[in-house]
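J.: have a look at this prediction, sequence included:
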Amino acid sequence: MGLLTGKTAVVTGAARGIGKAIALKYASEGANIAFTDLIIDENAENTVKELEAFGVKAKGYASNAAVFEEAARVVAEIHKDFGSIDILVNNAGITRDGLMMRMSEQQWDMVINVNLKSAFNFIHACTPIMMRQKQGSIINMASVVGVHGNAGQANYAASKAGMIALAKSIAQELGSRGIRANAIAPGFIMTDMTASLSEEVKTEWAKKIPLRRGGTPQDVADVATFLASDLSSYVSGQVIQVDGGMNM
Ligand code: NAI
C-alpha cells in the first residue's frame, strides 16, 4: 500500500515543473490526482496518461487559479468527479521580476493574484469539503525569498511570505477540524521558471548552496509527500525549506 492510497489530491498549476513532479510522486504513492493549469493541452494530456500509468484516477482541468469563481467551479467539479478532496497543493505561481522603482502596478497585481489570491481561492473552496470529511492536508508552495526577501522580487517575495502566513493562519483556524496546513519554501529548483535566469544569477545562487547543486522538482515532491501523508499527522503550521541548506 502506498503512503497516499485512497486519498484524492488537488494540485494547481501541475502541467509541468514542481507541480507535475508532486502529482507524479503522489500518484506513485496511490493518490488519485485532479490537477489544474491554465490550459489542458497535449502536454497536460500526456501528464494525465503518465499519472494513470500508476493505476490511479487522474484528470486535468483548465482553470485560472487566480479567479475566485473559476476556482470555486473547478473544485465543485473535482468533488463531483472524485468524491473527496483530502490534499490540496497550492502550487500555481509566476514571476514578474523588477526593481521596485520600475515595477508596474500590473506586475504587482499579477503576481499577488496568481501566487497568493489563488491559494485563498482554493482553500476557500476546499475547506468546507475537508471539514465535512474531518481531515485534510493543505500545502502552500512558498519560496525561500518569502522568508528572506529578495532584491528585484518584491512582488514575488511578498506573495510567498503571504503563502507562509496563510498556511500558519489556516493551521490555527482549522486544526480543531482535523485540517493541517503547511508551507514548503523551495530554494533554487531547476525548472522552466528558473531556466530563463542568466548564467550570472545561477552562478551567484550556486555559491550560496552548501549542497552545491540546484534542487530538482523531485526534491520538493518528496517533502510534499511527507506533508500530504500521515507521516506528518502531527505537523501543522510549519514552513519547511527545501533549499540545499542555502544561507541567503
Ligand atoms: P513553472 O513555471 O515550471 O510551472 C508553474 C505552472 O503553473 C505552469 O504549468 C503554469 O502554466 C501554471 N500556472 C501559472 N499561472 C497559473 C494560473 N493562474 N492558474 C493555474 N495555473 C497557472 O514553475 P515551477 O518552477 O514548477 O514552480 C512551481 C511553484 O513553485 C511556483 O509557485 C513557484 O513560485 C514555486 N517555486 C519555484 C522555485 C524554483 O526555483 N523553480 C523556487 C521556489 C518556489
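T.: Nice, thanks for sending it over. Residues are numbered from 1 along each chain as shown.

J.: helices of the chain, residue ranges please.
T.: 17-28, 42-52, 68-82, 105-112, 118-133, 144-148, 154-174, 192-195, 199-207, 217-228 (DSSP state H).

J.: then the fourth one to PDB, C-alphas only?
T.: Once side chains and other backbone atoms are set aside, the C-alpha atoms of helix 105-112 remain, and they are given as PDB (Å, rounded to 0.1, in the frame of the first residue of the first chain):
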ATOM      1  CA  GLU A 105       1.000  48.100 -10.800                       C
ATOM      2  CA  GLN A 106       0.200  45.300 -13.200                       C
ATOM      3  CA  GLN A 107       3.400  43.400 -12.300                       C
ATOM      4  CA  TRP A 108       2.500  43.600  -8.700                       C
ATOM      5  CA  ASP A 109      -1.200  42.700  -9.100                       C
ATOM      6  CA  MET A 110      -0.500  39.700 -11.400                       C
ATOM      7  CA  VAL A 111       2.000  38.100  -9.100                       C
ATOM      8  CA  ILE A 112      -0.100  38.600  -6.000                       C
END
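
J.: the least confident helix or strand in the chain by mean pLDDT vs the ligand: in contact?
T.: Lowest mean confidence among the helices and strands of the chain (mean pLDDT, DSSP states H and E): helix 199-207, at a mean of 85. No: under the criterion of C-beta under 6 Å from any ligand atom, the ligand is not reached by helix 199-207; the shortest gap measures 8.9 Å. C-beta: built from backbone N, CA, C; applies to glycine.

J.: flag every residue of this protein that's near the ligand.
T.: Counting by C-beta under 6 Å from any ligand atom, the residues of the chain that sit close to the ligand are 12-13, 15-19, 36-38, 64-66, 91-94, 114, 141, 143, 186, 188-189, 191-194.

J.: of those residues, buried ones?
T.: When burial is judged by neighbour count using 16 or more other C-beta atoms under 10 Å, the buried members of the residues of the chain next to the ligand are 12-13, 15-19, 36-37, 64-66, 91-94, 114, 141, 143, 186, 188-189, 191, 194.

J.: show the average pLDDT along the lengthiest strand in the chain.
T.: Among the elements of type strand in the chain, defined by DSSP state E, the one spanning the most residues is strand 179-186. Mean pLDDT, computed over strand 179-186, is 98.

J.: got the CA positions of that strand in PDB?
T.: Once side chains and other backbone atoms are set aside, the C-alpha atoms of strand 179-186 remain, and they are given as PDB (Å, rounded to 0.1, in the frame of the first residue of the first chain):
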ATOM      1  CA  ILE A 179      -7.200  20.100   8.800                       C
ATOM      2  CA  ARG A 180      -3.400  20.600   8.700                       C
ATOM      3  CA  ALA A 181      -1.700  23.400   6.700                       C
ATOM      4  CA  ASN A 182       2.000  23.800   6.000                       C
ATOM      5  CA  ALA A 183       4.200  25.700   3.600                       C
ATOM      6  CA  ILE A 184       7.200  24.500   1.600                       C
ATOM      7  CA  ALA A 185       9.900  27.100   0.800                       C
ATOM      8  CA  PRO A 186      12.000  25.800  -2.100                       C
END
